[in-house]
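Peer 1: Generate a structure from the sequence data that follows.
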Amino acid sequence: MTADLLTRRTLLAAAVVTAGSGLLVPARAKGLAPTQSMRGGSNNYLPGAPIVNRIGEGGFWMSGTVRRAGDGAPLAGQRIQIWAHTTEGHERDPHSHGATLTDADGRFRLEMPQIVPAFGQPHGHLAYDSGDFETVFLRPVMSSSRETSLEAHFVLQPA
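Peer 2: Numbering: from 1, shown residues only. Next comes the predicted model:
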């Protein structure tokens with residue numbers, strides 16, 4: 001019993017000394033920084049695009065996540081607008097725009113026509129513009145126009 005007590009005291013003393021040195025203090029997360037709008041992200045933006053099940057005939061998937069800045073919590077029910085230059089229309093055409101909502105895990109996914117190069121680059125446009133958080137415009141570029149999906153991730157700062 002004395003050896004047991006001595007061992008506990010030794011461990012407790014070692015823990016106090018170690019904690020004082022900073023070795024047992026857990027690393028602190030700096031927080032998740034908000035996503036900044038990308039240059040060209042708002043090009044051909046049309047406010048108020050309708051929420052749709054699919055844009056055009058589909059065949060290409062735009063997906064991603066929406067989280068809150070700081071703690072990274074997933075944000076459900078957030079409206080994400082998507083548009084692009086596709087096999088069915090230019091990115092300025094209203095029928096090339098649509099919006100979707102994030103699910104309970106902050107994920108979104110919307111099918112649309114195949115993205116094709118505009119100004120030499122295959123790219124999509126996405127916007128968070130609902131007002132609870134600061135507006136963010138993204139313009140992710142694909143490495144190849146043969147890709148059939150594109151992901152974009154938002155980290156939103158409260159407005």
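
Peer 1: CA only for contacts and neighbour counts going forward, please
Peer 2: Noted.

Peer 1: Go through stretch 86-94 and flag the buried ones.
Peer 2: Buried residues in stretch 86-94, counting neighbours by 16 or more other Cα atoms under 10 Å, are found at 86-91.

Peer 1: Can you pull out the low-pLDDT segments for the protein?
Peer 2: Scanning the chain for pLDDT under 70 picks out 1-30.

Peer 1: neighbours around Y45, how many?
Peer 2: 21 (other Cα atoms under 10 Å).

Peer 1: Do I have it right that it meets P94?
Peer 2: No. Between Y45 and P94 there is no contact under Cα atoms under 8 Å: 9.5 Å.

Peer 1: hey, where'd the helices end up in this protein?
Peer 2: 2-21 (DSSP state H).

Peer 1: what's the farthest-apart pair in the buried residues of stretch 86-94?
Peer 2: T87 and E91 (10.5 Å; Cα to Cα).

Peer 1: gap between A49 and W83?
Peer 2: 9 Å (Cα to Cα, to the nearest Å).

Peer 1: out of the two, which sits in the busier spot?
Peer 2: In this view A49 and W83 are compared by other Cα under 10 Å, and W83 has more residues nearby, 31 against 18.

Peer 1: what's the closest residue to the more buried one other than its chain neighbours in contact with, if anything?
Peer 2: When the adjacent residues along the chain are set aside, W83 lies closest to H97, with 4.5 Å between them (Cα to Cα, 6 or more residues apart in numbering). Contacts of H97 were listed using Cα atoms under 8 Å, 6 or more residues apart in numbering, and they are 46, 49-50, 55, 81-84, 91.

Peer 1: from the residues you listed, which single one is nearest F154?
Peer 2: Closest to F154, out of all of these and judged by Cα to Cα, is Q81, at 12.1 Å.

Peer 1: Strands of the chain, start to end?
Peer 2: 60-68, 79-84, 97-101, 107-112, 124-128, 136-138, 149-156 (DSSP state E).
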